[in-house]
Each structure stands twice: as C-alpha cells, then as structure tokens.
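> give me the fold of what follows.
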Amino acid sequence: MLYLSHRRKRLVSRKRSLVADQRGAVAFEMPFVYLFLIMIILLPLADLAVAGYRYISALAALRAFGQSILYSPPPDVTNASSWASAALAKADSRFPIPSIQLICGDSNAVCAAGNSDPSLAKYYVYSTTITLAPIVLTSVLCTSTTGNACSFTLTYSERFQ
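Numbers count the residues shown, from 1 in each chain. Model prediction:
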C-alpha cells in the first residue's frame, strides 16, 4: 500500500513537471505561425505591391510618352498617320501604345476637316494595357470585364493646343 501511494505520487509529480516544462511548445507552434503569416498577410501584401507597382509604372510611361510628343505636334491634325507612326516609336517597350487619337474640341470628336478650327482645344488620347498575375488575391484584383480578367486598359489624354 505504501509502495502504491509512493508510485502514484511519482506519477503525479512527473505529470506536473511535464506540464510545467513547455520548452518544446514554441518549436511546435512556430510552423503554424509562419504559415499563417505568409499565407494570410505577406502573400496578399505582395500581390497588392506588385499590382500597384505595375499600375504606377504604366501611368508613368503614359505620362512620359505624352511629354515626349507634347512639343512636336502633328503638322496636320486631320491626317496625322505619318506623324503618329513616328510618335509611337517613342513609346516605352514595356507598355506599348497601339494607337493615338487626335481629339478636337470638347465634344470628344476625332479631328476631321469640319472640326479642326485652330481656336478649338486639341488633345492626344492613347492607352496601354497592363496584365496582373496575382498569387493569392486573384478574385479581388482580377475584375476586368475584358476577355482576360487580369488585363486592364489605362487611357491617358494630354492637351497639346
């Protein structure tokens, strides 16, 4: 009987010492904490950062293109095809610009013989396309209504006259 109670005491004290000694608990929990941090916080932040960087880079390229052609307006706004091909060669190769429209007046009409009055304001209108490739936030970032949901067209206009 004495032996049995002594043995029980040892088991209880051993159990208490295991509960009190939790040195391996952090080592066991850390993979779950790292997985949570990476999947829930870091990868979505990386998606947002890449999307923001591409958007800002594309807008900067459009603006730089506008500045490069601002001081060389087309000689004839009604027939600017030769000027447009030379101007498009100045575009950033990372963000190609497929075409330039020349808009005359505030009615957003393409310049023609009837609306090319020198007193009317004239604008360059052009665009480029960016494509996102998110890792985690596909359903949040890819909301375009075009064929590719992750592809967005950015339009820019600049007044030149």
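> would you confirm that residue 83 contacts residue 77?
No. Using C-beta atoms under 8 Å, residue 83 and residue 77 do not qualify as a contacting pair, with a distance of 9.2 Å. To be clear about C-beta, it is placed using only N, CA and C from the backbone, and glycine gets the same treatment.
> mind checking the SS state of the most centrally placed residue in the chain?
Taking C-alpha atoms, centre = their mean, the centroid of the chain lies closest to residue 51, which sits 1.8 Å from it. Three-state call for residue 51 (DSSP: H, G, I helix; E, B strand; the rest coil): helix.
> between residue 83 and residue 77, tell me which one has more neighbours.
Neighbour totals were compared for residue 83 and residue 77, and residue 77 leads with 22 against 18 (other C-beta atoms under 10 Å).
> who's in contact with the more buried one?
Listed by C-beta atoms under 8 Å, 6 or more residues apart in numbering, the contact set of residue 77 reads 102, 104, 111, 116, 122.
> where does pLDDT dip in the protein?
Residues of the chain meeting the criterion pLDDT under 70: 1-25.
> so where do the helices sit in it?
Taking DSSP state H as the criterion, the chain contains helices spanning 2-20, 25-36, 43-70, 81-88, 138-141.
> what's the closest of the ones you listed to residue 156?
Residue 156 sits nearest to helix 43-70 of all those, at 3.9 Å, using C-beta to C-beta.
> tell me the buried residues in the closest one?
Buried positions in helix 43-70, judged by neighbour count with 16 or more other C-beta atoms under 10 Å: 44, 47, 50-51, 54, 58, 61-62, 65-66, 69.
> do stretch 86-106 as well
87-88, 91-92, 95, 97, 100-104.
> ok, those vs residue 137, which is closest?
The nearest member of those to residue 137, counting by C-beta to C-beta, is residue 95 at 22.2 Å.
> need the contact list for the closest one.
Listed by C-beta under 8 Å, 6+ apart, the contact set of residue 95 reads 57-58, 61-62, 128-130.
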